[in-house]
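Novice: Got a predicted structure plus its sequence, pasted below:
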Amino acid sequence: MREWVTKQIRAVPPYDISSFFDIAATMDNVISLGIGEPDLATPPQIVRAGIASLESGETHYTSNLGLYELRAAVADYLHGLYGIRYDPDTELLITVGVSEALHCTLAATVEPGEAVIVPEPCFVAYIPAVLLAGGNPVTVGTHVADDFQLLASELEAAIGPRTKSLLLSYPNNPTGAVMSRERLMDIARVAEKHDLLVISDEIYDRLVYGVEHTCFAALPGMRERTVLLGGFSKAFAMTGWRLGYAAAPAEVIDAMCKVHQYLIMSAPTPSQFAALEALKSGEEAVQEMRTRYDRRRRLIVDGLNSMGLPCFEPKGAFYAFPSIAVTGMTDAEFSERLLMEEGVACVPGHFFGPSGAGYVRCSYATAYEKIEEALERMARFARRHG
């Protein structure tokens, strides 16, 4: 029989994280430091707004672009945070999470074989997303010596004749790194010099600690060459509501909307009403959640360092990324043995790219008391293995 599955799909790597946590799910008394999802519930007034929309009969499609009221609220939100203004009529698209926003962006902007530069370690979906769009992912490693920030010199060295765009993601998953404004300005100069489109996934923008987040599109001259991706999953604890957005020049949003309307039609209507309420009344909850994450961040970083697993200080998101090189194990061996021997689940760093090898990702989006217990188990494991 002929081969039914396309070469393009066969080239996409398997989703290793899923299989790893399938194993953890079969075990008792496991503490998970793996899932990149808030353990906190969606704030109650946001939940009520979603329920109220259903009860009032808001169960139909919205505009392909999304509820106008929500687009206008997102425009005001971004202007208030970063001083950048988008037209809700033509420059904003509401999507099914940032994942769909990224797919629409790549499908609308990448010609077959064009290169997309992806700094790594990075979110596991980025390389497959580029492949699914027919693009050629070109990775650039980042390193702990530079606080896992992308260097302009290394970006420029990776640019070739078919390079179309840069997929930037700060605050970063898995490292927790935040780019300084100065280094982002260096990246902006390279993007302008080589006429790159910058796709900036800023889903963790509200979860930063002791630093300010710099919105890439708000840098001088960058608005017209940036697709800004954001959403409600992380800061508002709304992962299951599946709602994100893209902000970009009208020409790009129009092209993205073609992909979106044929693939999705419109984002879930109750989720859009819930997101509207999040922007109206959710700021206090965001601040409270960030304070709680910061307390957990300090606990886990101090705990990992004290047991001899060097961990640079993450400034954003809710991940710690300690080196496990001192154990003599690979990150895969370390993660598997830690799970089997002590019932603590973390994610091998190589899942996020070659420069993640020798590290593990530990999410602190779980209860403080569970993190304390996980650290005790990990310290026991570290002592046992030298």
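Specialist: Perfect, I can see it now. It should be emphasised that the depicted structure is a prediction, and the values quoted were computed from it without experimental measurement.
Novice: where do the strands sit along the stretch 251-386 of the chain?
Specialist: Per DSSP state E, counting those that start in this stretch, the stretch 251-386 of the chain carries strands over the ranges 319-320, 344-345, 347-348, 360-363.
Novice: The first one: partners in the sheet, and parallel or antiparallel?
Specialist: Which is strand 319-320. strand 360-363 (antiparallel) (DSSP bridges).
Novice: Scan the protein for its longest helix.
Specialist: Identified as the longest helix of the chain according to DSSP state H is helix 283-306.
Novice: In it, which of the residues would be classed as buried?
Specialist: 285-286, 289-290, 292-294, 296-297, 299-301, 303-304 (16 or more other C-beta atoms under 10 Å). Just so you know, the C-beta spots here come from the backbone N, C-alpha and C atoms, and that holds for glycine as well.
Novice: mind saving the C-alpha coords of the host helix or strand of Lys164 as PDB?
Specialist: In this structure, Lys164 sits in strand 163-168 according to DSSP states H and E. C-alpha atoms of strand 163-168 as PDB (Å, rounded to 0.1, in the frame of the first residue of the first chain):
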ATOM      1  CA  THR A 163      15.400  33.800   6.400                       C
ATOM      2  CA  LYS A 164      12.000  35.200   6.700                       C
ATOM      3  CA  SER A 165      11.300  35.700  10.400                       C
ATOM      4  CA  LEU A 166      12.300  35.400  14.000                       C
ATOM      5  CA  LEU A 167      10.200  33.600  16.600                       C
ATOM      6  CA  LEU A 168      10.900  35.300  19.900                       C
END
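Novice: Strand 163-168 and the helix or strand immediately after that strand in the chain, what's the angle between them?
Specialist: Scanning forward in sequence from strand 163-168 by DSSP H and E, the next helix or strand is helix 181-193. Angle between the axes of helix 181-193 and strand 163-168 is 160 degrees (criterion: axes from the mean of the first three to the mean of the last three C-alpha atoms, to 10 degrees).
Novice: Just list what helix 181-193 packs against, helices and strands only.
Specialist: With contacts defined as 3 or more C-beta pairs under 8 Å, 6 or more residues apart in numbering; DSSP states H and E, the packing partners of helix 181-193 are helix 152-158, strand 163-168.
Novice: Tell me which of those is the most buried.
Specialist: Most buried of the helices and strands packed on helix 181-193 by mean neighbour count (mean count of other C-beta atoms under 10 Å) is strand 163-168; its value is a mean of 23.
Novice: So the nearest residue to Ala11 once chain neighbours are set aside, which state does it fall into?
Specialist: Distance criterion C-beta to C-beta, 6 or more residues apart in numbering; nearest residue to Ala11, sequence neighbours excluded, is Leu131 at 5.6 Å. Classification of Leu131 by DSSP: H, G, I helix; E, B strand; the rest coil places it in helix.
Novice: And Leu131, how close does it get to Phe381?
Specialist: Per C-beta to C-beta, to the nearest Å, Leu131 is found 36 Å from Phe381.
Novice: what's the answer for Tyr245, then?
Specialist: 42 Å.
Novice: give me the number of residues near Val5?
Specialist: 7 (other C-beta atoms under 10 Å).
Novice: For it, grab phi and psi.
Specialist: phi -80, psi 140 (degrees, to the nearest 10).
Novice: Extract the CA atoms of stretch 121-139 and return them as CSV.
Specialist: Taking C-alpha atoms only, stretch 121-139 is exported to CSV below (Å, rounded to 0.1, in the frame of the first residue of the first chain):
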residue,chain,number,x,y,z
PRO,A,121,15.6,26.2,24.7
CYS,A,122,12.0,26.9,23.6
PHE,A,123,8.4,25.8,24.0
VAL,A,124,8.2,22.3,22.5
ALA,A,125,5.5,23.3,19.9
TYR,A,126,7.6,25.9,18.1
ILE,A,127,9.7,23.7,15.9
PRO,A,128,6.7,21.5,14.9
ALA,A,129,4.6,24.7,14.2
VAL,A,130,7.2,25.9,11.8
LEU,A,131,7.4,22.5,10.1
LEU,A,132,3.7,22.2,9.8
ALA,A,133,3.6,25.6,8.0
GLY,A,134,6.2,24.3,5.5
GLY,A,135,9.0,26.4,6.9
ASN,A,136,12.5,25.6,7.8
PRO,A,137,13.2,26.0,11.5
VAL,A,138,16.8,27.3,12.3
THR,A,139,17.6,27.1,16.0
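Novice: Thanks again, I'm all set now.
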